[in-house]
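In: just coords:
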């Protein structure tokens with residue numbers, strides 16, 4: 001009788017029920033993926049394919065800016081690049097005539113207050129109640145020539161005014177500027193105003209007034225000449241009231257702004273009761289803002305080394321620095337400069353403060369009104385150049401792309417969280433649904449979206465349209481804008497007009513990190529599929545060979561879940577490569593392994 005032989009082969013059973021995200025480093029852990037596309041942590045701890053996105057906006061125009069204000073708002077430009085629009089509440093409103101930009105196709109930035117939306121670089125404000133636009137930048141000059149043209153336009157070519165004296169067009173006193181007017185008869189008694197001020201001027205606006213003085217009084221004193229020079233260079237005034245008149249013209253009834261009133265003695269009239277102007281210019285400006293955000297009923301912005309804040313509740317006013325005996329008025333505009341190296345790259349509200357970033361500096365602005373605002377500086381990795389749009393609050397932290405990766409910042413010191421990706425994403429735009437941080441990047445001329453699960457600290461990579469340009473979110477919903485539309489990232493049960501079936505793939509490695517070869521006597525996959533979904537899986541070995549392909553399709557009879565067994569040969573390590581389409585969830589991978597030193 002032969003002796004009983006006892007096997008020395010030791011079997012070890014393992015099961016993976018918790019799946020992480022992408023990790024391309026040497027420190028990859030069990031359940032992490034060495035490569036993946038269109039996977040998600042939505043069904044964590046299971047691994048799931050992302051759901052299809054839904055088209056919520058489609059337009060023939062080219063979308064070039066997205067924001068939120070009681071819903072999604074976006075700017076778009078016509079195909080011929082001659083018209084630019086703001087879409088609010090599903091309606092396109094054209095603002096071409098108000099835009100200060102010469103490039104309608106360039107990207108736009110939007111920031112909203114409760115009653116208005118600011119659009120840059122157009123420097124245009126959209127007022128929600130009236131659904132009208134105003135241009136912040138005003139540069140209006142009134143001369144004899146403009147008066148004659150205005151008269152000809154109003155009277156359909158009447159040259160009566162050219163036969164009279166047009167030696168001055170407006171008068172200025174210590175508290176007002178008034179347009180000159182004259183009566184004439186054409187189809188009845190009419191009144192003509194030589195000029196009219198921009199209709200967007202309002203009480204509280206700070207303007208610069210420049211003028212060339214006309215006088216028939218023979219003044220030639222030192223004080224008068226000094227004043228003429230001063231007014232030619234420009235004086236700054238704050239409007240107290242704008243007076244309008246409604247009058248008839250041969251072409252119909254018109255309403256014009258014909259007088260600007262100021263506080264008494266706010267204008268130095270050179271010691272004279274009134275001064276006449278041969279020409280007069282009214283200017284209202286705005287800083288050359290590169291990025292903006294809304295906070296505490298103000299719009300905040302950055303430009304170069306400067307930080308700006310608009311007047312309280314008024315995004316059209318950036319130059320009102322009013323003071324009284326107690327200091328700067330609480331409603332006043334604000335600006336400050338930073339002497340740290342470099343220009344600002346991004347700005348955002350976070351917590352109860354404003355944060356302005358440079359590439360290697362973080363500035364925190366604290367306080368509730370201009371006299372209280374203070375600047376706190378931290379030297380740390382900030383937002384990379386041209387990556388300001390990647391700033392987004394996710395959970396209790398702030399995320400952004402720096403020059404060498406994606407960072408999380410919670411108010412103390414930023415920490416890089418993108419090392420597992422093995423790259424330094426070149427961020428274009430970022431947003432969050434409160435739990436996941438989405439960042440649109442371009443790598444090797446291909447756009448993709450990286451998704452970071454802040455709670456579980458795992459990354460996934462998802463595809464996107466090659467024309468995807470910016471991301472935004474509202475109420476926990478994430479939106480991706482591309483050339484001719486906007487996609488909703490997670491549309492719920494009904495995808496509707498959008499992606500019906502998403503193609504996905506991933507690889508997961510099994511490596512015992514030993515010089516012994518090990519084998520798998522049994523490998524079982526537990527998964528579920530949605531209607532119409534299917535997948536294939538094969539093993540890739542360390543010797544560059546691969547196993548036969550296994551796979552499965554959706555089966556209504558067994559829709560609750562499936563188990564797939566497959567054979568895997570002995571090797572130092574191997575990877576399982578999955579490719580599929582449609583709804584998929586990997587619940588577990590179980591296997592029984594053995595090892596030995598025999599080759």
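Out: Okay, I see it. In this text, all values refer to a predicted model and were calculated from it rather than measured experimentally. Numbering: from 1, shown residues only.
In: Now do the strands for the stretch 101-250 of the chain: every range, in order, please.
Out: For the stretch 101-250 of the chain, the strands defined by DSSP state E, counting those that start in this stretch cover 109-112, 116-120, 124-127, 132-135, 138-142, 170-172, 176-179, 181-185, 189-193, 206-214, 235-238, 241-249.
In: Now stretch 335-355: buried residues?
Out: By neighbour count on 16 or more other Cβ atoms under 10 Å, the buried set for stretch 335-355 is 335-336, 338, 340, 344-350, 354-355. The way it works is simple: take the backbone N, C-alpha and C, and place the C-beta from them, glycine included.
In: Break the chain into its domains for me.
Out: Using automatic domain parsing, the domains assigned to the chain come out as 11-49+504-596, 61-131+289-427, 138-284.
In: Please identify the deepest-packed of those.
Out: Looking across these with neighbours counted as mean count of other Cβ atoms under 10 Å, the highest average goes to domain 61-131+289-427: a mean of 18.
In: and that domain, how far apart are its ends?
Out: 25 Å (Cα to Cα, to the nearest Å).
In: just stretch 536-551 next, same as before
Out: 4 Å.
In: Now do it: everything it contacts.
Out: With contacts defined as Cβ atoms under 8 Å, 6 or more residues apart in numbering, stretch 536-551 is touched by 507, 525, 534-535, 564, 566-569, 571-580.
In: switch the cut-off to 6 Å
Out: Outside stretch 536-551, the residues that touch it by Cβ atoms under 6 Å, 6 or more residues apart in numbering are 535, 566, 568, 571, 572, 573, 574, 575, 576, 577, 578, 579.
In: Cross these against strands and list the overlap.
Out: Among these, the members falling in strands (DSSP state E) are 535, 566, 568, 571, 573, 574, 575, 576, 577, 578, 579.
In: Of the residues you listed, just say which sits nearest to residue 211.
Out: Among the ones in strands among the contacts of stretch 536-551, residue 579 lies closest to residue 211 (Cβ to Cβ), at 74.1 Å.
In: gap between the closest one and residue 16?
Out: 19 Å (Cβ to Cβ, to the nearest Å).
In: One more: residue 500?
Out: From residue 500 across to residue 16, the span is 30 Å (Cβ to Cβ).
In: Report the secondary structure state of the closest residue to residue 577 other than its chain neighbours.
Out: Leaving aside its sequence neighbours, residue 577 sits nearest to residue 507 (Cβ to Cβ, 6 or more residues apart in numbering; 4.9 Å). Assigned with DSSP: H, G, I helix; E, B strand; the rest coil, residue 507 falls in the strand class.
In: What's opposite residue 507 in the beta bridge?
Out: According to DSSP bridges, the residues that bridge with residue 507 are residue 35, residue 577.
In: Kindly report the same for the one 4 residues further on.
Out: According to DSSP bridges, the residues that bridge with residue 511 are residue 573.
In: Same question for residue 116.
Out: Going by DSSP bridges, residue 116 forms beta bridges with residue 127.
In: Now render the strands of the stretch 101-250 of the chain as TSV, adding distance to residue 262 and mean pLDDT.
Out: Below are the strands of the stretch 101-250 of the chain laid out as TSV (distance: least, Cβ to Cβ, whole Å; pLDDT from 0 to 100):
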stretch	distance to residue 262	mean pLDDT
strand 109-112	30	98
strand 116-120	25	98
strand 124-127	23	98
strand 132-135	21	96
strand 138-142	17	94
strand 170-172	10	89
strand 176-179	7	93
strand 181-185	20	87
strand 189-193	19	89
strand 206-214	10	91
strand 235-238	5	91
strand 241-249	8	93
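In: what's the closest of those to residue 457?
Out: Nearest to residue 457, of the strands of the stretch 101-250 of the chain and by Cβ to Cβ, is strand 109-112 at 30.6 Å.
In: can you list contacts of the closest one?
Out: Around strand 109-112, the neighbours that count as contacts under Cβ under 6 Å, 6+ apart are 65, 67, 69, 117, 118, 119, 120, 292, 293, 294, 299.
In: Then stretch 275-295?
Out: For stretch 275-295, contacts defined as Cβ under 6 Å, 6+ apart pick out 109, 111-113, 120, 123, 136-143, 168, 170-172, 207-208, 210-214, 269, 299-303, 308, 318, 346-349, 354, 388.
In: which secondary element of the chain has the worst mean pLDDT?
Out: When the helices and strands of the chain are compared on mean pLDDT, DSSP states H and E, strand 562-571 comes out lowest with a mean of 75.
In: what lines up beside that strand in the sheet?
Out: Short version: by DSSP bridges, strand 562-571 pairs with strand 517-529 (antiparallel).
In: so for the partner strand, what's the average pLDDT?
Out: Across strand 517-529, pLDDT averages out at 78.
In: Kindly report the same for stretch 278-288.
Out: Stretch 278-288 shows a mean pLDDT of 94.
In: So what's the gap between that stretch and the chain middle?
Out: 29 Å (Cα atoms, centre = their mean, to the nearest Å).
In: Over to stretch 432-448?
Out: 14 Å.
In: try stretch 200-211
Out: Relative to its parent chain, stretch 200-211 has a centroid offset of 30 Å by Cα atoms, centre = their mean.
In: now what about that stretch, what contacts it?
Out: With contact meaning Cβ under 6 Å, 6+ apart, stretch 200-211 is reached by 134, 231, 234-239, 241-242, 277, 280-284, 319-320.
In: same thing with stretch 423-431?
Out: Here stretch 423-431 has contacts from 387, 389-390, 392, 401, 404-405, 438-442, 470-473, 478, using Cβ under 6 Å, 6+ apart.
In: change it to 7 Å
Out: In this structure, residues lying in contact with stretch 423-431 by Cβ atoms under 7 Å, 6 or more residues apart in numbering are 384, 387, 389-392, 399-401, 404-406, 418, 437-443, 450, 470-473, 478.
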